[in-house]
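[1] Only the shape, not the letters, is given here:
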């Protein structure tokens, strides 16, 4: 696979990739309730991936980024993320897929264009 993100991932982490699933999403604010199957509550990704990540394409705002939450057992009631990674065009964020997280979207932003990806390590 000849993707810059894959090359950069190895160069930066030294981790060897076994498999990658890459998506492309264009989400309108008016469709949020129907598109985010987990709602806006923190969630963990499939155990079939070790690393999850996202590349933002059109937003430049803290309110359109990604929220990372505590790893504590009872974080289901946690409303505010511990870490907010703001959206910035071409910014790539990746994290352990089992860390609770959620997309952030400013309702004043008409659409969110992102490329989520999921990496399985060897």
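    Perfect, thanks for sending it. This is a predicted model, so every value here is computed, not measured.

[2] Let me know the next secondary structure element after the helix or strand bottoming out on mean pLDDT in the chain.
    Within the chain, no helix or strand scores below helix 32-35, which has a mean of 58 by mean pLDDT, DSSP states H and E. Heading C-terminal from helix 32-35, the first helix or strand you meet, by DSSP states H and E, is strand 51-56.

[3] list the helices and strands the next helix or strand after that following strand packs on?
    Beyond strand 51-56 on the C-terminal side, the first helix or strand identified by DSSP H and E is strand 61-68. Using 3 or more Cβ pairs under 8 Å, 6 or more residues apart in numbering; DSSP states H and E as the contact criterion, the elements in contact with strand 61-68 are strand 51-56, strand 83-87, strand 92-96, strand 101-103. To be clear about C-beta, it is placed using only N, CA and C from the backbone, and glycine gets the same treatment.

[4] Which among these is found nearest to residue 31?
    Ranking the helices and strands packed on strand 61-68 by their distance to residue 31 (criterion: Cβ to Cβ) puts strand 101-103 first, at 12.7 Å.

[5] If you count contacts, what does that closest one end up packed against?
    Other helices and strands packing on strand 101-103, by 3+ Cβ pairs under 8 Å, 6+ apart, are strand 61-68.

[6] 10 Å instead?
    Contact partners of strand 101-103 among helices and strands, from 3 or more Cβ pairs under 10 Å, 6 or more residues apart in numbering; DSSP states H and E: strand 51-56, strand 61-68, strand 83-87, strand 111-121.

[7] That one: how far from the chain's middle?
    Distance of strand 101-103 from its chain centroid, counting by Cα atoms, centre = their mean, to the nearest Å, is 6 Å.

[8] oh, and call the first residue 647 from now on, that's how I've got it
    That works, and once the first residue is 647, the last one we named lands at strand 747-749.

[9] buried set for it?
    Residues 747, 748, 749 are the ones in strand 747-749 that count as buried (16 or more other Cβ atoms under 10 Å).

[10] for stretch 655-667, same thing?
    In terms of neighbour count (16+ other Cβ under 10 Å), stretch 655-667 has its buried residues at 655, 663, 666.

[11] swap in stretch 738-754?
    738, 739, 740, 741, 743, 745, 746, 747, 748, 749, 750, 751.
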